[in-house]
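In: I would like the atomic coordinates for the input below:
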Amino acid sequence: MNRRLLIVVPLVLLAAACAQKKDLKPVASAPLPPAPYGSDHRPSAAELLRPDPQAAPQRSVELRTRSEERQDDPFDLPPEG
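Out: Presented below is the predicted three-dimensional model:
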């Protein structure tokens with residue numbers, strides 16, 4: 001039983017590791033999903049595959065270009081003890 005497990009587990013992991021990564025495309029014969037409830041616009045395949053801003057947010061933090069003194073943080077307290 002243990003020998004069989006030692007052979008099967010690596011083979012399963014090897015098979016799982018060789019998955020292909022390709023761009024998603026809709027099946028030619030399948031229809032696109034209906035328009036969302038309350039909307040007249042039926043999204044195209046490209047619109048359905050584009051992530052919305054919450055899924056891929058833009059960076060909103062401005063990087064510092066030079067050293068600056070840190071501001072005092074009133075919540076940065078030493079541990080009690």
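
In: rest of the way, CA atoms for contacts and neighbours
Out: OK.

In: which residues touch the top helix by length along the chain?
Out: Ranked by residue count and defined by DSSP state H, the top helix of the chain is helix 2-17. By Cα atoms under 8 Å, 6 or more residues apart in numbering, no residue outside helix 2-17 reaches it.

In: go on, stretch 56-76?
Out: Residues contacting stretch 56-76 (Cα under 8 Å, 6+ apart): none.

In: distance between the longest helix of the chain and the chain's centre?
Out: 28 Å (Cα atoms, centre = their mean, to the nearest Å).

In: In which helix or strand does the one residue sitting closest to the centre of the chain reside?
Out: Nearest to the mean C-alpha position of the chain, by Cα atoms, centre = their mean, lies Ala55 at 6.9 Å. Counting by DSSP states H and E, no helix or strand carries Ala55.

In: Below-threshold pLDDT in this protein: ranges please.
Out: 1, 17, 19-20 (pLDDT under 70).

In: need the strands for it, in chain order.
Out: Ranges of strands within the chain: none, based on DSSP state E.

In: all helices for it, in order.
Out: Secondary structure of the chain by DSSP H: the helices cover 2-17, 45-49.

In: okay if I get these as TSV plus distance to Ser39 and mean neighbour count?
Out: Listed next are these as TSV, based on distance: least, Cα to Cα, whole Å; neighbours: other Cα atoms under 10 Å:
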stretch	distance to Ser39	mean neighbour count
helix 2-17	40	10
helix 45-49	14	12
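
In: now those helices as JSON lines including distance to Arg59?
Out: Shown next, in JSON lines, are these (distance: least, Cα to Cα, whole Å):
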{"stretch": "helix 2-17", "distance to Arg59": "32"}
{"stretch": "helix 45-49", "distance to Arg59": "21"}
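
In: that older thread, from Gly38, how far off is the residue nearest to the centre of the chain?
Out: Counting by Cα to Cα, to the nearest Å, the gap from Ala55 to Gly38 is 23 Å.

In: sorry, back to before: mind saving the C-alpha coords of the longest helix of the chain as PDB?
Out: What follows is helix 2-17, C-alpha atoms only, in PDB (Å, rounded to 0.1, in the frame of the first residue of the first chain):
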ATOM      1  CA  ASN A   2       2.800   2.500   0.900                       C
ATOM      2  CA  ARG A   3       4.700   1.700  -2.300                       C
ATOM      3  CA  ARG A   4       1.700   2.300  -4.400                       C
ATOM      4  CA  LEU A   5       1.100   5.600  -2.600                       C
ATOM      5  CA  LEU A   6       4.700   6.600  -3.200                       C
ATOM      6  CA  ILE A   7       4.300   5.900  -6.900                       C
ATOM      7  CA  VAL A   8       0.800   7.400  -7.400                       C
ATOM      8  CA  VAL A   9       1.300  10.700  -5.500                       C
ATOM      9  CA  PRO A  10       4.300  12.000  -7.500                       C
ATOM     10  CA  LEU A  11       2.600  11.000 -10.800                       C
ATOM     11  CA  VAL A  12      -0.600  12.900  -9.900                       C
ATOM     12  CA  LEU A  13       1.500  15.900  -8.900                       C
ATOM     13  CA  LEU A  14       3.500  15.700 -12.100                       C
ATOM     14  CA  ALA A  15       0.300  15.500 -14.100                       C
ATOM     15  CA  ALA A  16      -1.200  18.500 -12.300                       C
ATOM     16  CA  ALA A  17       2.000  20.600 -12.800                       C
END
